[in-house]
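Chemist: sequence below, structure please.
(one chain, ligands or ions: 1)
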Amino acid sequence: MVVRKITDKILSVGTIDWDRRIFDNLIPLPEGTSYNSFLIRGKEKTALIDTVDPVHEEEFITNLVKAGCDRIDAIIINHAEQDHSGSLPVILELFPGAKVYCTEKCKDLLSSLLDVPPSRIEIVKTGDSLNLGGISLQFIEYPWVHWPETMVTYCPEEKILFSCDLFGSHLATSSLYMDDPCRTEILAKRYYAEIMMPFRNSIKQYLAKIQEMDIAIIAPSHGPLLNNPQWILEKYVDWTSDSVRNTVLIPYVSMHGSTERMVRIFTDFLMERGIGVRPFNLTGGDSGLLALELVDTATVVFATPTVLFGPHPEMVTAAYLANLVKPKTRYASIIGSFGWGGKTVETLKSMIPHIKAELLSPVYIQGAPDEKSRADLLALAEAIAEKHTSDPLIS
Ligand SMILES: Cc1cc2nc3c(=O)[nH]c(=O)nc-3n(C[C@H](O)[C@H](O)[C@H](O)COP(=O)(O)O)c2cc1C
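Modeler: Numbers count the residues shown, from 1 in each chain. From the prediction side, this is the model:
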């Protein structure tokens, strides 16, 4: 692990997790991640912004030693989740004079999750600041930038926004700053989809405020730092906007090929109408990619056979996840195949109340697709094409 200089007064002392492949036992990490932490030295005080996941506690302490850190007066905890706060107890032990600065809700969480003594914690609110001597930190509460206790920290002298999970990406890279926009964009978009998208409306408001700030560097708590803040701000404005792309996402699963054949036929019909299509096989599929596709697809068509009177369990999981992340999808439908009967369409519909999409007539057929099924799929493709052409939010 290495310590890297951001400015004369600010060092990056976090760690890189090259090998981690799953986060929260939920989110696939195709490119690892990093736990970013920052050491800020003023003339009078030294502050640490966030810590690292406890799996990297030793490397973190080594970094602090390498940085010649012999005092910490303030530990800013922007977010109580353990990948940022998990090494706090050991840091509090090593630096008995250090105080924690966090929001009121964060204080509760730090006590319940990590048993941090309340006497070590100072509650901060939006507008509060901490003067370290020649350099200062301002706190801004941004609840629900993932959890209810979240805040960001701004250093006006260096124009750095320590944004915690906001603008982050799960990317292990040796570059301190983003140097590969294509790769970073995909990973930042995945991160947005998995973590931020359910809170799209709050984040939209925060973005408006952040755009008014004088920021030279955005330093998130995962992935590379961004020394061209406009780059990520523009992406977030786009992702959080109401606009969607002229695409249809088809999450599908099939046991004996009937649903899959329907997906192939339907894909062709959509492509012939100039619509982008993403058939997404759920079997062994990467749920992060599915979330990414949900960020700005205009339409989702769930494709599943009937299993024991309802949707295939793979589809149940996918629909549950899709509903949780609250995509801005405009239209939805269901296609698939059954043998003798069940409640697949009704069950699936009832599982997606947070997807505020207009539901187009499902095509749910018995057995393998025949001429009538082809005609019904064609009608659905035409209905989608018509919606996509006339909807001003679709580009
Ligand atoms: C484990 C299992 C359970 C099934 N349960 C039902 C059911 O409850 N109702 C029904 O109509 N068909 C049921 N089927 C039949 C399938 O829905 C039917 O064969 C369908 O065409 C399969 O589509 P696929 O080829 O896309 O897998 C079941 C099939 C399997 C293998």
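
Chemist: how about the strands in the stretch 51-200 of the chain?
Modeler: Ranges of strands within the stretch 51-200 of the chain are 74-76, 99-102, 121-123, 129-131, 136-141, 151-155, 160-164, based on DSSP state E, counting those that start in this stretch.

Chemist: make a markdown table out of those and add distance to Pro353.
Modeler: Using the backbone N, CA and C atoms, a C-beta is placed for each residue, glycine as well. Written out in a markdown table, the entries for these read as follows (distance: least, C-beta to C-beta, whole Å):
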| stretch | distance to Pro353 |
| --- | --- |
| strand 74-76 | 38 |
| strand 99-102 | 34 |
| strand 121-123 | 36 |
| strand 129-131 | 42 |
| strand 136-141 | 29 |
| strand 151-155 | 30 |
| strand 160-164 | 30 |
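
Chemist: between the ones you listed, which one is nearest to the ligand?
Modeler: Distances from the ligand to each of the strands of the stretch 51-200 of the chain were compared using C-beta to the nearest ligand atom; the shortest belongs to strand 160-164, at 43.5 Å.

Chemist: what parts of the stretch 251-395 of the chain come near the ligand?
Modeler: Counting by C-beta under 6 Å from any ligand atom, the residues of the stretch 251-395 of the chain close to the ligand are 254-259, 305-309, 337-342, 367.

Chemist: mind doing that once more with 8 Å?
Modeler: The stretch 251-395 of the chain has residues 253-262, 304-310, 312, 336-342, 344, 366-368 near the ligand, with proximity defined as C-beta under 8 Å from any ligand atom.

Chemist: using TSV, lay out the strands of the stretch 51-200 of the chain together with mean neighbour count, distance to the ligand and mean pLDDT.
Modeler: Written out in TSV, the entries for the strands of the stretch 51-200 of the chain read as follows (neighbours: other C-beta atoms under 10 Å; distance: least, C-beta to the nearest ligand atom, whole Å; pLDDT from 0 to 100):
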stretch	mean neighbour count	distance to the ligand	mean pLDDT
strand 74-76	22	53	98
strand 99-102	23	50	98
strand 121-123	16	54	98
strand 129-131	16	60	98
strand 136-141	20	49	98
strand 151-155	25	47	98
strand 160-164	26	43	98
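
Chemist: sitting in strands, which of the residues of the stretch 251-395 of the chain next to the ligand do you find?
Modeler: In this view, those that belong to strands under DSSP state E are 306-307, 310, 336-338, 366.

Chemist: most neighbours among those, please name it.
Modeler: The most crowded member of those, judged by other C-beta atoms under 10 Å, is Gly336 (28 neighbours).

Chemist: Leu348 contacts His312, doesn't it?
Modeler: No - Leu348 is not in contact with His312 according to C-beta atoms under 8 Å; the separation is 10.2 Å.

Chemist: re the thing from before, Asn201 is nearest to which of the strands of the stretch 51-200 of the chain?
Modeler: Taking C-beta to C-beta, strand 136-141 is the member of the strands of the stretch 51-200 of the chain nearest to Asn201, at 16.5 Å.

Chemist: tell me the SS of the residue of the stretch 101-250 of the chain found nearest the ligand?
Modeler: Using C-beta to the nearest ligand atom, Ile250 is the residue of the stretch 101-250 of the chain that sits closest to the ligand, at 13.1 Å. Three states are possible here, and by DSSP: H, G, I helix; E, B strand; the rest coil the one that applies to Ile250 is strand.

Chemist: can you pull the contacts of it?
Modeler: Applying C-beta atoms under 8 Å, 6 or more residues apart in numbering, we find Ile250 in contact with 263, 266-267, 277-280, 300-303.

Chemist: do Ile335 as well
Modeler: Counting by C-beta under 8 Å, 6+ apart, Ile335 makes contact with 259, 262-263, 266, 301-303, 362-364, 377, 380.

Chemist: could you check how far it is from the ligand?
Modeler: Distance check for Ile335 against the ligand: by C-beta to the nearest ligand atom, to the nearest Å, it reads 10 Å.

Chemist: list the beta-bridge partners for that residue.
Modeler: Ala303, Val363 (DSSP bridges).
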